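Enquirer: Sequence and predicted structure are below.
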Number of protein chains: 2
Amino acid sequence: MTLSRETSAGYLTNWAARLFARELERQLAPSGIAPAYMPVLFALADGGTLTQKDLARRAAVEQPTMAATLNRMERDAMITRRRDPGDKRSALVALTPLALGKISTVERVVSAINALALEQLEPAERDQYLALLRKVIAVLEAQDQGLDN
Amino acid sequence: MTLSRETSAGYLTNWAARLFARELERQLAPSGIAPAYMPVLFALADGGTLTQKDLARRAAVEQPTMAATLNRMERDAMITRRRDPGDKRSALVALTPLALGKISTVERVVSAINALALEQLEPAERDQYLALLRKVIAVLEAQDQGLDN
DNA sequence: GCGCTATGTATAGTACACTATGCATTTAAT
DNA sequence: ATTAAATGCATAGTGTACTATACATAGCGC
């Protein structure tokens, strides 16, 4: 039973993810949106505000990762941070009109890339692909949770 | 048709890949092996030598990415670089005995993580997961190739 | 042989993920 | 009320990926 990269679930998953990311980056470049901005865009698309911690949880990234992403988004005039009057530790993040105006474009790009990626799959296979990914994610997340913290 | 992250092939693929990477990093940490070292380890496991370019191609990463990985591996005493006598531009990369001695451990870890990730899948579903990933990769790679270069 | 192109590496700059840690503020415990 | 624990954010350091670019050597055309 040789362990080649063609039969390693981890290797293939990583490879596919990198190809998705490359394509996304290329297609989003003209709009000034980076892939990591997307979870923030969608979470705040309704014009509301969230804290950094909430955004990190929704994007399933660690807090320092979200902090860096928000720094870049602030630099690019995509978000504003406003001190929470009720809790001086936290900041309320909101999208700027510039960012709000780009959401529909981003949605179109993401849909197009997903459609492209699943192009060679039967409709049933597409659902299966997503379902299998969700099962894999569930197992690995459970493992991640049950460490010590 | 709302585009939520639960139905986005790209988002789910990226998420699964990150969970794989985290688990891999954790389990490989004691042996001093980083995830990016693995394609190099497997490509040179027979004791042979390859150039940086060949290693990059096999790992499906860009040349500067492989250069950085090899720098870290050299720092960690996992590889040696020797000038190619026949072509003074290129270097022949070989594993050190230290690295060769860790391969079987790495193989065990990778197999264990793959098994864990696919634990909740039926045997047929496991094959399907790999097959679907390969199809997705093929489409995205074709897109990647056909840009201009 | 000379010069153009191709090839192999190196380097710089950036994005985005992680862990570890520190600081300020808030909440809870006594 | 004061101390202790928890919480939100920031920062530092690292790994791994990308593009763009520079440089040295190789190979080819003439």
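Expert: It's in. Numbering: from 1, shown residues only, chains lettered A, B, ... in the order given.
Enquirer: residues from chain A in reach of DNA strand D?
Expert: When proximity is defined by C-beta under 7 Å from any atom of the strand, chain A lies next to DNA strand D at A:14, A:18, A:22, A:51-53, A:63-64, A:67-68, A:70, A:81, A:87, A:89-91. Any C-beta I mention is one placed from the backbone N, CA and C, and that applies to glycine too.
Enquirer: and the residue most central in space within chain A, what helix or strand is that in?
Expert: Ranked by distance to the mean C-alpha position of chain A (C-alpha atoms, centre = their mean), the top residue is residue A:39 at 4.5 Å. Following DSSP states H and E, one finds residue A:39 within helix A:38-43.
Enquirer: That helix - what's its average pLDDT?
Expert: For helix A:38-43, mean pLDDT is 95.
Enquirer: Can you tell me which helices and strands that helix packs against?
Expert: helix A:52-59, helix A:63-75, strand A:91-95, helix A:103-117 (3 or more C-beta pairs under 8 Å, 6 or more residues apart in numbering or on different chains; DSSP states H and E).
Enquirer: I'd like to know how many residues surround residue A:40.
Expert: 24 (other C-beta atoms under 10 Å in any protein chain shown).
Enquirer: Ok, residue A:12 next?
Expert: Using other C-beta under 10 Å as the criterion, the residues surrounding residue A:12 number 24.
Enquirer: can you check residue A:122 too?
Expert: 9.
Enquirer: That one and chain B, how far apart?
Expert: Separation of residue A:122 from chain B (C-beta to the nearest C-beta, to the nearest Å) stands at 10 Å.
Enquirer: got the phi/psi numbers for that residue?
Expert: Main-chain torsions, residue A:122, degrees, to the nearest 10: phi -70, psi 150.
Enquirer: what residues are up against it?
Expert: Neighbouring residues of residue A:122 by C-beta atoms under 8 Å, 6 or more residues apart in numbering or on different chains: there are none.
Enquirer: at 10 Å what do you get?
Expert: Taking C-beta atoms under 10 Å, 6 or more residues apart in numbering or on different chains as the criterion, residue A:122 is in contact with residue A:128.
Enquirer: pLDDT wise, what is it at?
Expert: 93.
Enquirer: which stretches of chain A have low pLDDT?
Expert: Within chain A, the stretches with pLDDT under 70 are A:1-6, A:146-149.
Enquirer: Select the longest helix from chain A.
Expert: Identified as the longest helix of chain A according to DSSP state H is helix A:123-145.
Enquirer: That helix relative to helix B:103-117, how many degrees between them?
Expert: Per axes from the mean of the first three to the mean of the last three C-alpha atoms, to 10 degrees, the angle that helix A:123-145 makes with helix B:103-117 is 110 degrees.
Enquirer: pull the CA atoms of helix A:123-145 into PDB?
Expert: Only the C-alpha atoms of helix A:123-145 are listed here, as PDB (Å, rounded to 0.1, in the frame of the first residue of the first chain):
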ATOM      1  CA  PRO A 123     -25.400  17.100 -10.400                       C
ATOM      2  CA  ALA A 124     -25.600  14.300  -7.900                       C
ATOM      3  CA  GLU A 125     -21.800  14.200  -7.600                       C
ATOM      4  CA  ARG A 126     -21.800  17.900  -6.900                       C
ATOM      5  CA  ASP A 127     -24.000  17.400  -3.900                       C
ATOM      6  CA  GLN A 128     -21.900  14.500  -2.900                       C
ATOM      7  CA  TYR A 129     -18.700  16.500  -3.100                       C
ATOM      8  CA  LEU A 130     -20.100  19.000  -0.600                       C
ATOM      9  CA  ALA A 131     -21.600  16.400   1.600                       C
ATOM     10  CA  LEU A 132     -18.300  14.500   1.800                       C
ATOM     11  CA  LEU A 133     -16.400  17.600   2.600                       C
ATOM     12  CA  ARG A 134     -18.800  18.400   5.400                       C
ATOM     13  CA  LYS A 135     -18.200  15.000   6.900                       C
ATOM     14  CA  VAL A 136     -14.500  15.300   6.700                       C
ATOM     15  CA  ILE A 137     -14.600  18.700   8.200                       C
ATOM     16  CA  ALA A 138     -16.800  17.500  11.000                       C
ATOM     17  CA  VAL A 139     -14.400  14.700  12.000                       C
ATOM     18  CA  LEU A 140     -11.300  16.900  11.800                       C
ATOM     19  CA  GLU A 141     -13.000  19.700  13.800                       C
ATOM     20  CA  ALA A 142     -14.000  17.300  16.500                       C
ATOM     21  CA  GLN A 143     -10.400  16.200  16.700                       C
ATOM     22  CA  ASP A 144      -9.300  19.800  16.800                       C
ATOM     23  CA  GLN A 145     -11.700  20.600  19.700                       C
END
